[in-house]
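Student: Quick one, structure for this:
(2 chains, ligands or ions: 1)
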Amino acid sequence: MELGQNLTSGNVLLTCEKRSTRLSAVKIDHALCSNEANSSEHTSYSKNIASDFQCSSDSLNSGVSAIVCSSEGGICSDVLRQNMAKSSDEPAVKRKKVDNKMENQADLEKVAEIQKKWELPLWKFRRGRLCVTDITSQSWCEQQLLYTYTLPTIPVENKAMVKGSSLHLARELEVHDIVPVKVTSREDSWAIKLLNIMDAINGLSFDRLCIREMPIFGDPFEMGVFMVGIIDELKYNESGELQLLEFKSRSSSKTLPGKAQKLNHALQVMLYKQMFDELVSGKLSREMILGHVNLDEGKVLGSAVLDHMQKTGIHFDKFGELLDAALLQFQFSSLPHVDSLEIEYCFQGDCLSFATDKVQFDSDWLRKKLDHSFLFWRGVREAEGVDIEDAWKCQNCDFVDICEWRKKKQQECMEKNQISINKL
DNA sequence: ATTGCTGAATGG
Ligand code: SF4
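Tutor: Numbering: from 1, shown residues only, chains lettered A, B, ... in the order given. Sure thing, here's the model as predicted:
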C-alpha cells in the first residue's frame, strides 16, 4: 500500500480544538454518524491539516547564540510559569490573613508536605503526570532530559523529527480523517480522550482491523505514577492475534538503528502494552483517575463535546457520567491482551518500510526500568548522564558544551589515565 | 500548591 493513500472508509478522527492554540483529537466511526455526504468534507479538512503541518515545519529558525534545543522547549513554559507565579503572590497573602485554619499546626505541616511534593521532579516538571516518551527520553540520557526541563532554551525544529511527524500524520490519515471539536475545560479534553479510547475499543471489538493513534493512560504496575501516551497502531494479524505496532522513520540511511535506540523503542512498546492490558482488564478506577488528574466529576461538558457525544448516542452531560460509562466499557470489553509487539522502520528518503523488528515483552525488565526511572522522578536520586561507552550520544546533544556530567566523566577518565601512566 | 494550565510523539 502506498503511504498516504486514503482508505479511511468513513472513519473520522476529531481533533480537539483548544480555546487558544492546542489541538487534540477524537476518533469517531463514521458509521455511527451516518451522514455519508460529509465524508468528502472531512477528507479535505484532514488534508488542510496535513499541509498546515508541513508549512509550520518549514518556518525554521536561524542560528542563535543561546542554548538551542532542537528537540523540545518544555523548559520555557516552566520558566514562564514561575514568572507568572510571582505576579499572583499578593492575592495569596490576602487569603492567608482571612484563613484562620492556617494557624493550626496540623495544617501547617500539611502545607509543608504539599510544598515538598511540588519540589520533586515529577511534580515540578510534569505536574504528577508522565508521558511514555518522558520515560524513553530519560532512558536515552536522564541528564539531557533534566536540562530540557530546567534550562531556558530556544526551540528550533529538527528536520529529521519534522519529517518523522509528517510521515506519521500521513500514515494516520490512511485509516481515519480528522475533525476538530472545541473544548473549553480540562474535563472536555479528557472527555475527548475517553471518547477516543471508547471508539478504539469499540472498533477493535467489532468491525475494525486497524486502529491508529489510540490514546492510553494509567498507572502501570500500580506503582503510583500516572502516565499517558498514544499507541501508534493496534491491529489483528493473519493469525488473529492482537498486535501493537510502533512506526519509526530513519533519516540518514536504510539501516536499523543501534542497540540504544532499539532498546528505547522496545521500552516504549512494552509500556504501551502494559497500559493497554491493564486498561482493558478493567484495572483503572475512577478514584485513581480523578485523584491523579484532579478533574471535577460534576463538571458539565462544553456544548461542542456534548454535541458530538449526542451524535454518537451518548446522552450524558457531566464529566463523571462519561467517565463511569467509559470505565464500564473498559471493564466489560472482551478484548484480548496485546499478543505481539513490533517496530516498523521506514526510510525518510523514499518513505518506504524496509524492516520490522519483533520485540519480546519482558515484564520484569520493564518493571525494573520503571523502578529505576521513578527514583529520579520522586527525587530519591540525582539525574545520571550517559556512561563512557555511550559518550557518542553527547555529540548529538544540545547541552554538550555546558554539561556538568560530561565534564565530571571526562575528569574521571583523565585521572584514571594519569594513574595508569604513573604506574608505568 | 497559596495557583492542578500542558495533544504525545517526532529522531539520535
Ligand atoms: S552531553 Fe552527554 S551526558 Fe550531557 S546531557 Fe548531553 S548526552 Fe547527556
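
Student: Quick check: which element contains residue A:307?
Tutor: helix A:303-311 (DSSP states H and E).

Student: Would you mind pulling up the elements that that helix packs against?
Tutor: Helices and strands in packing contact with helix A:303-311 are listed as strand A:23-29, strand A:181-182, helix A:186-205; criterion 3 or more CB pairs under 8 Å, 6 or more residues apart in numbering; DSSP states H and E. C-beta coordinates here come from the backbone N, C-alpha and C atoms, glycine included.

Student: orientation of the last one relative to helix A:303-311 in degrees?
Tutor: Calculated by axes from the mean of the first three to the mean of the last three CA atoms, to 10 degrees, helix A:186-205 forms an angle of 30 degrees with helix A:303-311.

Student: residues in contact with the closest residue to DNA strand B within chain A?
Tutor: Of the residues in chain A, the one nearest DNA strand B is residue A:164, at a distance of 2.3 Å by CB to the nearest atom of the strand. The contact partners of residue A:164, by CB atoms under 8 Å, 6 or more residues apart in numbering, come to A:248-249, A:251, A:348.

Student: So the lengthiest helix in chain A, near the ligand or not?
Tutor: Here the longest helix in chain A is taken by residue count, with DSSP state H as the criterion, and it is helix A:259-280. No - interface with the ligand: helix A:259-280 contributes nothing (CB under 6 Å from any ligand atom), its closest point being 11.0 Å away.

Student: what's in contact with whichever helix or strand comes after that helix?
Tutor: Past helix A:259-280, heading to the C-terminal end, the next element that is a helix or strand (DSSP H and E) is helix A:286-293. By CB under 8 Å, 6+ apart, the residues outside helix A:286-293 that reach it are A:128-129, A:186, A:190, A:217, A:219, A:226, A:295, A:297, A:320, A:323-324, A:327.

Student: Give me the buried entries from these.
Tutor: When neighbours are counted using 16 or more other CB atoms under 10 Å, the contacts of helix A:286-293 contain these buried positions: A:128-129, A:190, A:217, A:219, A:226, A:295, A:320, A:323, A:327.

Student: Find the nearest non-adjacent residue to residue A:360, please.
Tutor: The shortest distance from residue A:360 to any residue other than its chain neighbours is 7.7 Å, reached at residue A:341 (CB to CB, 6 or more residues apart in numbering).

Student: hmm, back to that, where's the residue of chain A closest to DNA strand B, which helix or strand?
Tutor: Assigned by DSSP H and E, residue A:164 belongs to helix A:159-172.

Student: residues of that helix that come out buried?
Tutor: For helix A:159-172, burial by neighbour count (16+ other CB under 10 Å) applies to A:162-164, A:166-172.

Student: How is chain A partitioned into domains?
Tutor: Each structural domain of chain A that the record assigns through automatic domain parsing is listed here as a residue range: A:11-31+A:129-377, A:46-122, A:391-423.

Student: Mean neighbour count, those domains: which tops it?
Tutor: domain A:11-31+A:129-377 (a mean of 18; mean count of other CB atoms under 10 Å).

Student: now that one, how far from the centre of its chain.
Tutor: Centroid separation for domain A:11-31+A:129-377 versus its chain: 7 Å, with CA atoms, centre = their mean, to the nearest Å.

Student: Could you tell me the end-to-end distance of that domain?
Tutor: Using CA to CA, to the nearest Å, the gap from the first to the last residue of domain A:11-31+A:129-377 comes to 39 Å.

Student: contact partners of stretch A:185-194?
Tutor: Contacts to stretch A:185-194, defined as CB under 8 Å, 6+ apart, come from residues A:14, A:16, A:18, A:24-26, A:181, A:183, A:215, A:217, A:293, A:295-296, A:299, A:301-302, A:305, A:309, A:319, A:322-323, A:326.

Student: Low-confidence stretches in chain A?
Tutor: Confidence mapping of chain A against pLDDT under 70 gives the ranges A:1-9, A:14, A:19-103, A:419-424.

Student: Just give me the longest strand of it.
Tutor: Counting by DSSP state E, the longest strand found in chain A is strand A:226-236.

Student: Does stretch A:116-124 reach DNA strand B?
Tutor: Yes - counting by CB under 7 Å from any atom of the strand, contacts between stretch A:116-124 and DNA strand B involve residue A:118.

Student: can you give me the end-to-end distance of that stretch?
Tutor: The first residue of stretch A:116-124 is 10 Å away from its last residue (CA to CA).

Student: List phi and psi for residue A:403.
Tutor: Comment: the main-chain dihedrals of residue A:403 come out as phi -70, psi 120, following degrees, to the nearest 10.

Student: isn't it right next to residue A:146, touching?
Tutor: No - the pair residue A:403 / residue A:146 is not scored as a contact, 10.3 Å apart, by CB atoms under 8 Å.

Student: and the longest strand of chain A, does that touch DNA strand B?
Tutor: Yes - figure legend: strand A:226-236 in contact with DNA strand B (CB under 7 Å from any atom of the strand); contacting residues A:228-230, A:232.

Student: do stretch A:147-154 as well
Tutor: No - contact of stretch A:147-154 with DNA strand B is not found when judged by CB under 7 Å from any atom of the strand; the minimum separation is 9.2 Å.

Student: ends of that stretch, how far apart?
Tutor: Using CA to CA, first and last residues of stretch A:147-154 are 13 Å apart.

Student: Kindly report the same for stretch A:252-259.
Tutor: From its first residue to its last, stretch A:252-259 covers 16 Å (CA to CA).

Student: is it up against DNA strand B anywhere?
Tutor: Yes - with CB under 7 Å from any atom of the strand as the measure, stretch A:252-259 is seen reaching DNA strand B through A:252, A:257.

Student: residues in contact with that stretch?
Tutor: Contacts of stretch A:252-259 from elsewhere in the structure, counted by CB under 8 Å, 6+ apart, are A:248, A:250, A:262, A:265, A:345, A:347, A:349, A:354-355, A:357.

Student: Try it again at 7 Å.
Tutor: Counting by CB atoms under 7 Å, 6 or more residues apart in numbering, stretch A:252-259 makes contact with A:250, A:345, A:347, A:354-355, A:357, all of which sit outside it.
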